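Engineer: Just a sequence and a predicted model for now, questions to come.
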Amino acid sequence: KSVCATCDIPEGEEVGICTNECEEPVKLCQVHTDCNQENECMVCDTESNMCKNGCERVEYLESTGTQYILTGFTPTVDTDFEIELSSTRTNTVWAMGCPTWVGVHYKGQNADAVEIGITNSSTSNFQQYATYNHDNSKITMKLSGNTVYANGVALGTITRRAGTLDFALFGYRDANRGAGLLFSGRIYKCWIKENNTLVRNFIPVLSPESSQYVGAPCMFDKVTKKLFCNAGSGTFKTNKN
């Protein structure tokens, strides 16, 4: 009853074994849109006609002070996050934030060290912070529950607040300007959890040449499988350019 089944009878025997001699069909891509309907990093390899990852992973995105990213997620009092960043600047800026939410504030101090910490954005005053050298050394800031961590060390607790807009990376979300108080420095990764569920997991990449961003440095979110690219002016730097 199956056109794929054949009978293999060994020599000298009267009975044999039915086997399937048809190979499983493989769906080949034909155009770019065949692959990226759900994943903006997937593209069609025209040589093999197979979908492949068209994003090139880079170590970081670096802003010169005019680039920022809108994340499309509005945080609540149940939002946790972790962000790894570095800078050589001493200006007072935001690495991530939005109105009324707690966010990561980067406060320039002097020629030797800076403060970076979690702040209540309704007052812009640090609630918990750490001091470190501004020599592009990486520092990881984390908010888990009400506890703030810097490089894995608990600094203390804060009062959590909900945001009124989606938060920005490399700046403070502003309804009138997009984002302001922009950060000059590098972000290596950032994840966001809501009620312990991962909602954003950003990694820095170079977008596919065949995408609408044409090879631009962007953040790729491994949760939504979407590219989040520069909403400001100029172009992010990476370790590849």
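Structural biologist: Perfect, thanks for sending it. Numbers count the residues shown, from 1 in each chain.
Engineer: quick one: L206 and F220 touch, right?
Structural biologist: No. Applying C-beta atoms under 8 Å as the test, L206 and F220 come out as separate, 9.7 Å apart. In this view, the C-beta of every residue, glycine as well, is placed from N, C-alpha and C.
Engineer: quick one, which of these two is more surrounded?
Structural biologist: With other C-beta atoms under 10 Å as the criterion, L206 and F220 differ in neighbour count, and F220 comes out ahead with 23 against 20.
Engineer: host element of the more buried one?
Structural biologist: strand 217-221 (DSSP states H and E).
Engineer: Let's test this: mean pLDDT of that strand, rounded?
Structural biologist: Strand 217-221 shows a mean pLDDT of 97.
Engineer: Equivalent analysis for stretch 29-42, please.
Structural biologist: 82.
Engineer: What residues of that stretch count as buried?
Structural biologist: With burial defined by 16 or more other C-beta atoms under 10 Å, the residues of stretch 29-42 counted as buried are C29, H32, C35, N36, N39, E40, C41, M42.
Engineer: on that earlier part again, just checking, what packs against the strand holding F220?
Structural biologist: Applying 3 or more C-beta pairs under 8 Å, 6 or more residues apart in numbering; DSSP states H and E, one finds that strand 217-221 contacts strand 61-63, strand 197-206, strand 226-228.
Engineer: May I see these arranged in TSV, with distance to K189 and mean pLDDT as well?
Structural biologist: Shown next, in TSV, are the helices and strands packed on strand 217-221 (distance: least, C-beta to C-beta, whole Å; pLDDT from 0 to 100):
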stretch	distance to K189	mean pLDDT
strand 61-63	10	95
strand 197-206	6	97
strand 226-228	13	95
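Engineer: residues touching Q67, list them.
Structural biologist: Contact analysis of Q67 by C-beta atoms under 8 Å, 6 or more residues apart in numbering lists L61, F170, L182, N230, G232, S233, G234, T235, F236.
Engineer: Which one (most neighbours) among those?
Structural biologist: F170 leads the contacts of Q67 on contacts (other C-beta under 10 Å) with 31 neighbours.
Engineer: For N146, see how far away it is.
Structural biologist: 25 Å (C-beta to C-beta, to the nearest Å).
Engineer: Ok, G97 next?
Structural biologist: G97 sits 18 Å away from N146, going by C-beta to C-beta.
Engineer: The two: who's more crowded?
Structural biologist: A count of neighbours by other C-beta under 10 Å puts G97 above the other of G97 and N146, at 30 against 15.
Engineer: which residue is nearest the centroid of the protein?
Structural biologist: Residue closest to the mean C-alpha point of the chain, counted by C-alpha atoms, centre = their mean, is F202 at 1.0 Å.
Engineer: Give the full set of residues in contact with that one.
Structural biologist: T71, L169, I187, K189, C190, W191, M219, F220, D221, K222, F228.
Engineer: Number of residues surrounding the closest residue to it other than its chain neighbours?
Structural biologist: Excluding its sequence neighbours, the residue lying closest to F202 (C-beta to C-beta, 6 or more residues apart in numbering) is M219, at 4.2 Å. By other C-beta under 10 Å, 25 other residues sit near M219.
Engineer: ok, now R57?
Structural biologist: 13.
Engineer: Excluding sequence neighbours, find me the nearest residue to it.
Structural biologist: Sequence neighbours aside, V205 is the residue nearest to R57 in space, at 5.6 Å (criterion: C-beta to C-beta, 6+ apart).
Engineer: who's the one you found bridged to?
Structural biologist: The residues listed as beta-bridge partners of V205 by DSSP bridges are R57, C218.
Engineer: Then A150?
Structural biologist: With DSSP bridges as the rule, A150 is bridged to M141, V153.
Engineer: count of neighbours near it?
Structural biologist: A150, neighbours per other C-beta under 10 Å, totals 19.
Engineer: check contacts around it.
Structural biologist: If a contact means C-beta under 8 Å, 6+ apart, then A150 has I116, G117, Y129, A130, Y132, I139, T140, M141, K142 as its contacts.
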